[in-house]
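Visitor: Make a model of this:
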Amino acid sequence: MDGFGSHTFSLINAQGDRVWCKFHFKTLQGHQTLTEEESAKIKGEDPDHATHDLFEAIAKKDYPKWRMCIQVMTQEQASKHPDNPFDLTKVWKQGEYPLIEVGILELNRNPENYFAEVEQAAFSPSAVVPGVSFSPDKMLQARLFSYPDAQRYRLGGNYQQLPVNQPKCPVMHYQRDGFMASGNNGGSTPNYEPNSAEGTPKENPAYAEPPTHLGDVTVDRYNHRDGNDDYTQAGNLYRLLTPEQQERLAHNIVGSLSQARKDIQMRQLCHFFRADVSYGRRVAEGLGISIDPSLLPVIAQAVSI
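Guide: Residues are numbered from 1 along each chain as shown. This is a model prediction of the structure:
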């Protein structure tokens, strides 16, 4: 039996170039079929005959193999394709998009423990490696969310820590806590970004996907902080307070901020100064941090910019 992935995925190279892709698995065992009568007879005698056949072939080292192939479509070709190239009910004609052989898929080991290696296996189209990504295929987009949700419900929040689902290489991620967490659970390091702790995972922009251009629409990840003014309204609110209220505000902030490390205090002072120079000066004085008065005009000008 051949295997055909109806969904459209994407392949992205090191230069950030993307092409659309469909995966195919072409059997090297040859094709076999059953008549309706043969099927009814086998179904009555051994409803799991296909599973038995697979298990016994592997046990005899008659390992089943498939040619793994891909079809590739460029963005330019997709824009001119007569059908929606992301519609899983449509095929790409192999005469126009020929199969490209990538390698061989071989099944050469039977599970030693059925529950651990089969019942707990969690397959999902969202489990991809760098270089393989997704597409605007609507059904694929739904499955990217629904399959992991089903696995979390079935196996628990840390189903990817089970041996059968674990990556074969070390993976740095922010997953922490939850039912059946194993390992050191992240140790004492924070599990959020940005942070200033050493040895914590950081986002690697080298793996960012290129934008997807769909007609007049561009789909991309955008930094919501770009062009955002986070300080004017905070400064306006501070200036609405009476001097006594401003003093109490600074006093309350100092009470908490004084417990933080010095580098965190300095980072936070920058925010207060950007909102209002007086605001920053009050908090700095409460923390016992001296600010050179000659720098205040420079700070005020930088804040206004």
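Visitor: Number of residues surrounding residue 167?
Guide: By other CB atoms under 10 Å, the residues close to residue 167 number 10. Using the backbone N, CA and C atoms, a C-beta is placed for each residue, glycine as well.
Visitor: Likewise for residue 156?
Guide: Using other CB under 10 Å: residue 156 sits among 15 other residues.
Visitor: Same check on the one 4 residues further on?
Guide: Counted by other CB under 10 Å, the residues lying close to residue 160 total 19.
Visitor: Do I have it right that it meets residue 122?
Guide: Yes: between residue 160 and residue 122 there is a contact under CB atoms under 8 Å: 7.2 Å.
Visitor: can you map out the helices along the stretch 1-150 of the chain?
Guide: 36-45, 49-59, 75-80, 114, 138-155 (DSSP state H, counting those that start in this stretch).
Visitor: Go through those helices and name the closest to residue 268.
Guide: Closest to residue 268 of the helices of the stretch 1-150 of the chain, according to CB to CB: helix 138-155, at 36.3 Å.
Visitor: Flag the shaky bits of this structure, pLDDT-wise.
Guide: 199, 296-305 (pLDDT under 70).
Visitor: Pick out the residue nearest the middle of it.
Guide: residue 126 (7.9 Å; CA atoms, centre = their mean).
Visitor: still on that earlier bit, which of the helices of the stretch 1-150 of the chain has the highest mean neighbour count?
Guide: helix 138-155 (a mean of 15; mean count of other CB atoms under 10 Å).
Visitor: separation between residue 104 and residue 67?
Guide: For residue 104, the distance to residue 67 (CB to CB, to the nearest Å) stands at 6 Å.
Visitor: Neighbour count for these two, which is higher?
Guide: Taking other CB under 10 Å, residue 104 and residue 67 do not tie; residue 67 has more neighbours (16 against 11).
Visitor: Surely the more buried one and residue 3 touch.
Guide: No: contact between residue 67 and residue 3 fails when scored by CB under 8 Å: they sit 10.3 Å apart.
Visitor: Show me the common contact partners of those two, please.
Guide: Contact criterion CB atoms under 8 Å, 6 or more residues apart in numbering; residues shared by residue 67 and residue 3: residue 25.
Visitor: would you list the helices of the stretch 1-150 of the chain in TSV and tack on distance to residue 246?
Guide: Shown next, in TSV, are the helices of the stretch 1-150 of the chain (distance: least, CB to CB, whole Å):
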stretch	distance to residue 246
helix 36-45	82
helix 49-59	74
helix 75-80	56
helix 114	69
helix 138-155	47
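Visitor: With respect to residue 282, which of those lies nearest?
Guide: Residue 282 lies closest to helix 138-155 among those, at 47.3 Å (CB to CB).
Visitor: same for that closest one, what does it pack against?
Guide: Packing contacts for helix 138-155, counted by 3 or more CB pairs under 8 Å, 6 or more residues apart in numbering; DSSP states H and E, involve no helix or strand.
Visitor: so where do the strands sit in the stretch 51-200 of the chain?
Guide: 65-73, 100-106, 132-133 (DSSP state E, counting those that start in this stretch).
Visitor: so of those strands, which one's packed in deepest?
Guide: Comparing these by mean neighbour count (mean count of other CB under 10 Å), strand 65-73 ranks first with a mean of 17.
Visitor: Note down every partner strand of it and its orientation.
Guide: strand 18-27 (antiparallel), strand 100-106 (antiparallel) (DSSP bridges).
Visitor: about what we covered before: quick one: which of the helices of the stretch 1-150 of the chain is nearest residue 189?
Guide: helix 138-155 (23.7 Å).
Visitor: Give me the common contacts of residue 104 and residue 67.
Guide: Joint contacts of residue 104 and residue 67 (CB under 8 Å, 6+ apart) are residue 28.
Visitor: Count the residues that sit near residue 229.
Guide: Neighbours of residue 229 (other CB under 10 Å): 8.
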